[in-house]
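Q: Curious how this folds, go ahead:
(2 chains)
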Amino acid sequence: MNIDSTTDSDIIARSRHDSEAFAVLFERHARVVGSFAAQRVGSLIAEDIVAETFLVAFRRRADYDLDHANARPWLLGIAVNIIKRHRGTEARHWRELHRSAAVATPIAPNDFDEVDRRADAARTARELLPRIRRLRAHDRDTLLLYATGELSYDEIARALGVPVGTVRSRLNRVRRILSTPPSHPNPVGLTIQGEES
Amino acid sequence: MNELDRVSDALPQVPFTDENLRRARDQFQRGLSTTATARTARRRWALPTVVAGGLVAAVAVTVLVISTQAQTPGLNEAIPTSTTTPPVSSPAPTPSPTPPPTPQTAQAALEMASGAVTANGALSAGTWRVVTLTSTSLGTYGPVDMVGIACGAPRAEATSAWRWTTSYTSYVTTNPDAEWVRILDNIPVMGELFGDDPSTHAAECLANISLPDELRGTGTFGGEASTGPGSEATYYATLPADPDDLLAKLRADFADSALDGVPVDSVVATQLVTDLQLGVASPPVRAAMFEALGMLGNATLIETSGTLATIRLAFAESGTIEDITVDTRTGDVVSGRSWYGAPGTLVSADIPDHEYTVTVSTTTEIP
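A: The predicted structure follows:
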């Protein structure tokens, strides 16, 4: 089998009678799943989430719809469900990200472009991170699959097991929330999920 | 630039490095190995027993209470006090004007249970079925194998072993829009100890186990999607109500167990028992589950007591034995014991690898 040209669905089909074939899927997608999880809960917990995501996927490979050549939405969907068990950690992580965005990092004295770029990014981060943190969990899942999982609307729908129209409406709601002026204390009835006192 | 695109740029990059990837790969491979050796291979309802060996990782690693017990308390002393919220209401027993007949065969007992769930097994709208499962497992430690696994060694090769008990309560419903909740009593209680330095090895092995204290979601535990990946509600809704079809589906689902040397039918039996414990499938499907059990493992009736019947499913090829005790009046699985292979000499052969008790009630509220 030429691994490079083989689709994920081919690999999953093969792994149903040759379980070792599943390792190829891990090598293909573990880094993306890890990066997605790290953004949510930090790098160390992301290791656990990656391992568990692929273990769950392995156990459920018989359920995979082989019509879908790309397994990334399926794997990220599993990861999303596992991350839900870590809401407390995620809430802490978002707070830490917010704090870190407020801390200036050293830059070469004459690199004015970098100074400007970082200043803009830090300003945007300080503005958006608290709002992302306060999104409803399923809205945040949808947003982050779009923004960091690099999935299309259809793929996000597959990952979350919802109609594509639901993805659109969630992202529209997120757009509204993120564009609400920061002076508004609680735009459109935000709730805080997974927060720990 | 729209707000969503700004998010990609604004999020501080959290690296997932090569070292992170390597550790995740190691953990995945250890989990695969554990899965292969865990004879139970429970697919959907990952009992703590199966989780042993670090299959599931979570943030808050439960602090393990291991007391170095010079005396080895019996099983009764090992049952932990449940910390779960008691169900709001319990079903009143159904009046029975005449006692049901005592079954004389396994097939008769399973047919009675099948008939009971068909007649009375529907869950009312707006109610949850509350299932508390208290589970005592035999943990093992043995020589390190090729992939570095010492915990979960085959019982016949183990150099030390211990029994540990934990429990969890599941709130399940047939309403696809309502939440399912599982609350775990996350502190294992140690029981009898066997062999070489079992306390130390138990601490080492159980430290790898970490479970969330609580899982909840719509149609599944730990997730919100009622139709998406991992949805238990979807799984139960799609199971055939014909016992032959049901058996064919499960045998196909678990066909790869044979690659690991585990008879497919023994895994199917375990899955059926686990699904019956939860009891959230429709009454016709649950009835089919009982009938399908009767088609497996040379089912024999080994004990009766009142309306309770204990049925043994034995699989000679692997040495797997599943004993289940069923209330033939309600169709509820009330307890069970399992042996997954050669018992060896370290632990008495009459001690199962796994045993559990189940209590069932209903409630109109969830915690």
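Q: any chance you could read off phi and psi for the residue in chain A that chain B sits nearest to?
A: Going by C-beta to the nearest C-beta, chain B is nearest to residue A:161 of chain A, at 1.5 Å. Backbone N, C-alpha and C define where each C-beta goes, glycine included. Here is the backbone geometry of residue A:161 (degrees, to the nearest 10): phi 70, psi 40.
Q: what do you get for the one 4 residues further on?
A: Taking degrees, to the nearest 10, you get phi -60, psi -30 for the backbone angles of residue A:165.
Q: separation between it and residue A:73?
A: Here residue A:165 is placed at a distance of 17 Å from residue A:73 (C-beta to C-beta, to the nearest Å).
Q: Just want to know which of those two has more residues nearby.
A: Legend: neighbour count by other C-beta atoms under 10 Å in any protein chain shown for residue A:165 and residue A:73, higher for residue A:73 (21 against 10).
Q: Per-residue pLDDT of that one, please?
A: What the model reports as pLDDT for residue A:73 is 93.
Q: is it true that it touches residue A:156?
A: Yes: at 7.1 Å, residue A:73 and residue A:156 qualify as touching, with contact defined as C-beta atoms under 8 Å.
Q: Residue B:341 - how many residues pack around it?
A: By the criterion of other C-beta under 10 Å, residue B:341 has 18 neighbours.
Q: Also residue A:64?
A: If you count neighbours by other C-beta under 10 Å, residue A:64 ends up with 18.
Q: Which residue, other than its chain neighbours, is closest to it?
A: Closest residue in space to residue A:64, ignoring its immediate chain neighbours: residue A:12 at 4.9 Å, by C-beta to C-beta, 6 or more residues apart in numbering or on different chains.
Q: Which residues are in contact with the one you found?
A: Contacts for residue A:12 (C-beta atoms under 8 Å, 6 or more residues apart in numbering or on different chains) come out as A:22, A:25, A:61, A:64, A:66, A:71.
Q: List the backbone torsions phi and psi for the last one.
A: So the one you mean is residue A:71. Residue A:71 adopts backbone torsions of phi -90, psi 0, taken as degrees, to the nearest 10.
Q: what's the neighbour count on residue A:155?
A: Around residue A:155 there are 22 other residues, counting by other C-beta under 10 Å.
Q: That one should be in a strand, yeah?
A: No: residue state for residue A:155 (DSSP: H, G, I helix; E, B strand; the rest coil) corresponds to helix; a strand is not indicated.
Q: Verify the stated contact: the residue of chain A closest to chain B with residue A:76.
A: No: applying C-beta under 8 Å, one finds residue A:161 not in contact with residue A:76, separated by 11.8 Å.
Q: These two - which one has more neighbours?
A: Neighbour comparison, residue A:161 and residue A:76: the larger count goes to residue A:76, with 30 against 22 (by other C-beta under 10 Å).
Q: follow-up on the earlier one: where's the residue of chain A closest to chain B relative to residue A:36, distance?
A: Taken as C-beta to C-beta, the span from residue A:161 to residue A:36 is 17 Å.
Q: Quick check: phi and psi at the spatially closest residue to residue B:123 that is not a sequence neighbour.
A: Leaving aside its sequence neighbours, residue B:123 sits nearest to residue B:174 (C-beta to C-beta, 6+ apart; 5.2 Å). Dihedral pair for residue B:174: phi -90, psi -10, per degrees, to the nearest 10.
Q: Residue B:174 against residue B:285, yeah?
A: No: using C-beta under 8 Å, residue B:174 is not in contact with residue B:285, being 11.1 Å away.
Q: picking up where we left off before, residues touching the residue nearest to residue B:123, list them.
A: Residue B:174 makes contacts with B:123, B:280, B:282, as judged by C-beta under 8 Å, 6+ apart.
Q: Next, work out how far apart it and chain A are.
A: Separation of residue B:174 from chain A (C-beta to the nearest C-beta, to the nearest Å): 18 Å.
Q: do the same with residue B:109
A: According to C-beta to the nearest C-beta, residue B:109 stands 31 Å off from chain A.
Q: so that residue sits in a helix?
A: Yes: assessed with three-state DSSP, residue B:109 lies in a helix.
Q: Tell me the buried residues in stretch B:163-180?
A: B:163-175, B:178-180 (16 or more other C-beta atoms under 10 Å in any protein chain shown).
Q: what does stretch A:55-62 give?
A: Residues of stretch A:55-62 classed as buried by neighbour count (16+ other C-beta under 10 Å): A:55, A:56, A:57, A:58, A:59, A:60, A:61.
Q: Likewise for stretch B:282-301?
A: So, applying 16+ other C-beta under 10 Å, buried residues of stretch B:282-301: B:282-297, B:299, B:301.
Q: just stretch A:147-161 next, same as before
A: For stretch A:147-161, the buried set under the neighbour-count rule, 16+ other C-beta under 10 Å, comprises A:147, A:148, A:149, A:151, A:153, A:155, A:156, A:157, A:158, A:159, A:160, A:161.
Q: how far does that stretch stretch from start to finish?
A: Stretch A:147-161 has its terminal residues 18 Å apart, counting by C-alpha to C-alpha, to the nearest Å.
Q: which residue ranges form the helices in the chain?
A: Looking at chain A here, since you left the chain open. Taking DSSP state H as the test, the helices found in chain A are A:8-15, A:22-41, A:43-59, A:72-83, A:87-101, A:112-133, A:137-147, A:153-160, A:164-179.
Q: oops, chain B please
A: Under DSSP H, chain B gives helices at B:3-10, B:18-37, B:48-51, B:75-78, B:106-120, B:198-206, B:232-237, B:243-253, B:264-278, B:283-293.
Q: Which secondary structure elements does the fifth one sit against?
A: Same thing as helix B:106-120. Helix B:106-120 sits against helix B:283-293, strand B:300-305, strand B:308-315, strand B:320-327, with contacts defined as 3 or more C-beta pairs under 8 Å, 6 or more residues apart in numbering or on different chains; DSSP states H and E.
Q: Show me which helix or strand of chain B is least confident by mean pLDDT.
A: helix B:75-78 (a mean of 27; mean pLDDT, DSSP states H and E).
Q: Tell me where chain A is predicted with low confidence.
A: Counting by pLDDT under 70, the ranges of chain A that qualify are A:1-5, A:85-127, A:180-197.
Q: Give the full set of residues in contact with the residue lying closest to residue B:311 once chain neighbours are set aside.
A: Spatial nearest neighbour of residue B:311, excluding adjacent residues (C-beta to C-beta, 6+ apart): residue B:106 at 4.6 Å. By C-beta under 8 Å, 6+ apart, the residues touching residue B:106 are B:294, B:299, B:300, B:301, B:309, B:311, B:312.
Q: Quickly list what the third one is bridged to.
A: It refers to residue B:300. Per DSSP bridges, the residues bridged to residue B:300 are residue B:312.
Q: For it, which residues are in contact?
A: Going by C-beta under 8 Å, 6+ apart, residue B:300 touches B:106, B:311, B:312, B:314.
Q: Just the pLDDT for it.
A: Here the pLDDT value assigned to residue B:300 is 92.
Q: separation between the residue lying closest to residue B:108 once chain neighbours are set aside and chain A?
A: Among residues not flanking residue B:108 along the chain, residue B:301 sits closest, at 7.7 Å (C-beta to C-beta, 6+ apart). According to C-beta to the nearest C-beta, residue B:301 stands 33 Å off from chain A.
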